[in-house]
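> I need the structure of the sequence given here:
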Amino acid sequence: MSAVIQAPAFSKDQCAAGLRAALNILDKWRATTEQACNILRISRSTHARARAENRAWSVSLDSDQLQRISLILNIHAALRLLFDNPDNVYGFAAMPNHHEFFNGRSPLEVMAQGDMIALYESFRRIDSLRGAQW
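Residues are numbered from 1 along each chain as shown. Down below sits the predicted model:
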């Protein structure tokens, strides 16, 4: 039986670009370093290296981390469709939310629990505001 070798879906440079984009969004949402690391499941050192201005830096990310980045980018896209005002686009994630799922906590607090379910369900709730049906 021959082994099938599958090429990685994304290069290290593409992973680094995605991580930087997600971190930029989280920064604009006013996430702390700890929250960002929990949401994206990255170490503090990876966070620090991604924040540095060294554009030659690259990183390997696993599929879970890439899915987390994708969810952050999709939440951001949903917020941009919902709101014209940048204060709302970037402030919504940090605002207390009285939807049953958030129960008075901000979406950022819920996502920062660090588990994929909290991140995914936060995305679903936010995306549903724009009329997305699941």
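> next one: stretch 35-43 to chain centre, how far?
Relative to its chain's centre, stretch 35-43 lies at 9 Å (CA atoms, centre = their mean, to the nearest Å).
> actually, stretch 116-132.
Relative to its chain's centre, stretch 116-132 lies at 12 Å (CA atoms, centre = their mean).
> need the contact list for E100.
By CB atoms under 8 Å, 6 or more residues apart in numbering, E100 lies in contact with nothing. Any C-beta I mention is one placed from the backbone N, CA and C, and that applies to glycine too.
> phi and psi next, for it.
Main-chain torsions, E100, degrees, to the nearest 10: phi -50, psi -40.
> same check on G104?
The phi and psi torsions at G104 (degrees, to the nearest 10) take the values phi 90, psi -10.
> okay, the closest residue to it other than its chain neighbours and L73: tell me how far apart.
Distances taken as CB to CB, 6 or more residues apart in numbering place P96 nearest to G104, at 5.5 Å, with adjacent residues excluded. Plainly put, P96 is 24 Å away from L73 if you go by CB to CB, to the nearest Å.
> so between those two, which is more surrounded?
Taking neighbours as other CB atoms under 10 Å, P96 and L73 compare with L73 leading, 14 against 11.
> that one is in contact with A22, isn't it?
Yes. Look at L73 against A22 with CB atoms under 8 Å: they come within range, at 6.4 Å.
> how many neighbours does D62 have?
A count of neighbours around D62, defined by other CB under 10 Å, yields 10.
> local confidence estimate at it?
Confidence at D62, expressed as pLDDT, is 93.
> so where is the chain shaky, pLDDT-wise?
1-8, 54-55, 132-134 (pLDDT under 70).
> 90 instead?
Residues of the chain meeting the criterion pLDDT under 90: 1-13, 51-58, 60, 129-134.
> show me where it has strands.
Assigned strands in the chain: none (criterion: DSSP state E).
> what about the longest helix in it?
Looking across the chain with DSSP state H, the single longest helix is helix 63-82.
> give me the residues contacting that helix.
With CB under 8 Å, 6+ apart as the criterion, helix 63-82 contacts 9-10, 15, 18-19, 21-22, 25-26, 39-42, 61, 88-90, 92-93, 107, 116, 119-120, 122-123, 126-127, 129-130, 132.
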